[in-house]
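# Sequence unavailable; structure follows:
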C-alpha cells in the first residue's frame, strides 16, 4: 500500500498504523470514520465517473483503466499489541463490505475474493487487476490532500490538489490550500476560476472553499445554491471537515433540516 502511494513509513503522509485496542465507543467511532471516507468515494464515484490519474509525491502519474464503479474492501491487519484482535479487524472489513454493497450504483467485490489476499504481499495494482477494480477511485487523492491540509501541511496538500481531476476539485483544492498557506491572492484567483467555470453545476465545492476561508455568509449562499442544484455530495455535508467552521452558526441546523439530515 505504501509503495502505491509513494509513502515513507518513517515519515508517513498517507498511511498510519493504528493498534486495534477496542475501548468503549471505539468500535463505532472507527467504523464511522472508515465508512465516512468510503462515503466520500461513493459520492464522487457517482459524480465523476471517469478514468483516474494517480499522482505520487514525486508527481509521477499513471493512468488507471479500471471501472470507477467497482471497489473492494481488503482485510484489515490486526496491529494490536498481542495480535489477538483478528476477529475484530475481520469483522470491520466484513461490515464495510456489507455497507458498501447497499449502494445500487457500486459493484463491491465479495468477501471470499477480497479475503483471498489476506496476509499476501501483493501490490495494490496487482490486486486491482486480479479483482477488476479501481484501486484509487475518484476522491481518494482528494481525501489524501485533505489529510495533509488538516495536519498543517498546506504545501503538501497543494502538490496533491494541483494534479487532481476533475477541474472543480483541482481548483477548489488549490484555493483552500493557498489560503491555508497564507497566500490569499493565489487563493482568490483559484476561487474566481472555480466560480467562473462551475457555478451552475458545482456550487457545493464553491461553498466549501468559502467555509474553509471563514466567509460563512458566502458559504451558506453557495450551499443553498447546491441544494437547488440537487448536488449528491450534500448527503455527507455533516461530515465534511472543511465545513467545520459552520457548525456553530444557526443556519447550519437550518441547512441540515432542509436536507432531511439529523442535527
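Perfect, thanks for sending it. All values derive from a computational prediction rather than experimental measurement.
# Mind giving me the packing neighbours of the host helix or strand of residue 257?
Using DSSP states H and E, the element containing residue 257 is helix 250-258. In terms of contacts (3 or more C-beta pairs under 8 Å, 6 or more residues apart in numbering; DSSP states H and E), helix 250-258 is packed against helix 216-229. (C-beta placed from N, C-alpha, C; glycine too.)
# Would you mind getting the angle between the helix holding residue 257 and helix 216-229?
10 degrees (axes from the mean of the first three to the mean of the last three C-alpha atoms, to 10 degrees).
# Residues in contact with helix 250-258: which ones?
216, 220, 223-224, 227, 237-238, 246, 262-263 (C-beta atoms under 8 Å, 6 or more residues apart in numbering).
# quick one, what contacts residue 213?
175-176, 179, 187.
# biggest separation within those residues, which pair?
Greatest spatial distance in the contacts of residue 213: 176 and 187, 7.4 Å, computed using C-beta to C-beta.
# What subset of the contacts of helix 250-258 is buried?
Buried members of the contacts of helix 250-258, scored by 16 or more other C-beta atoms under 10 Å, are 216, 220, 223-224, 227, 237-238, 246.
# so residue 191 sits right up against residue 175, yeah?
Yes. In this structure, residue 191 is within contact of residue 175 by C-beta atoms under 8 Å, at 4.4 Å.
# more neighbours, these two?
Per other C-beta atoms under 10 Å, whichever of residue 191 and residue 175 has more neighbours is residue 175, with 28 against 24.
# how much space is there between the more buried one and residue 252?
Separation of residue 175 from residue 252 (C-beta to C-beta, to the nearest Å): 21 Å.
# can you check residue 152 too?
If you go by C-beta to C-beta, the gap between residue 152 and residue 252 works out to 25 Å.
# Which one's more surrounded, the two?
Shown here are residue 152 and residue 252; by other C-beta under 10 Å, residue 252 has more neighbours (21 against 9).
# Before we move on, what's the pLDDT of that one?
Residue 252 is assigned 96 on the pLDDT scale.
# ditto for residue 197
So, for residue 197, pLDDT stands at 94.
# And the one 4 residues further on, by the same measure?
Residue 201 is assigned 91 on the pLDDT scale.
# which residues in the stretch 51-200 of the chain form strands?
In the stretch 51-200 of the chain, the strands defined using DSSP state E, counting those that start in this stretch lie at 52-55, 61-64, 70-71, 107-108.
# for the stretch 151-263 of the chain, which spans come out with low pLDDT?
Low-confidence segments of the stretch 151-263 of the chain (pLDDT under 70): none present.
# ignore the last one, the stretch 1-150 of the chain
1-70, 105-106, 123-140.
# Try it again at 80.
Within the stretch 1-150 of the chain, the ranges that satisfy pLDDT under 80 run 1-74, 76-83, 85, 87-89, 92-93, 95-97, 99-141, 143-144.
# Regarding residue 207, which helix or strand does it belong to?
Counting by DSSP H and E, residue 207 is found in helix 203-212.
# re the thing from before, which residues do residue 191 and residue 175 both contact?
residue 209.
# okay, residue 176 and residue 187: which has more neighbours?
residue 176 (28 against 21).
# can you pull the contacts of residue 150?
residue 241.
# if we can go back for a sec, now the contacts of residue 213 in CSV, with distance to residue 204?
Listed next are the contacts of residue 213 as CSV, based on distance: C-beta to C-beta, whole Å:
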residue, distance to residue 204
175, 14
176, 13
179, 17
187, 18
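# Return the closest of those with respect to residue 108.
Of the contacts of residue 213, the one sitting nearest to residue 108 (C-beta to C-beta) turns out to be residue 176, at 31.1 Å.
# correct me, but the closest one touches residue 211?
No. Taking contacts as C-beta under 8 Å, residue 176 lies outside contact range of residue 211: 9.3 Å.
# hey, what's in contact with both of these two?
Joint contacts of residue 176 and residue 211 (C-beta under 8 Å, 6+ apart) are residue 242.
# Can you show me the helices along the stretch 101-250 of the chain?
111-115, 124-131, 140-150, 154-161, 167-180, 184-198, 203-212, 216-229, 250-258 (DSSP state H, counting those that start in this stretch).
# The first one: which residues count as buried?
Pointing back at helix 111-115 there. Quick answer for helix 111-115 (16+ other C-beta under 10 Å): 111, 114-115.
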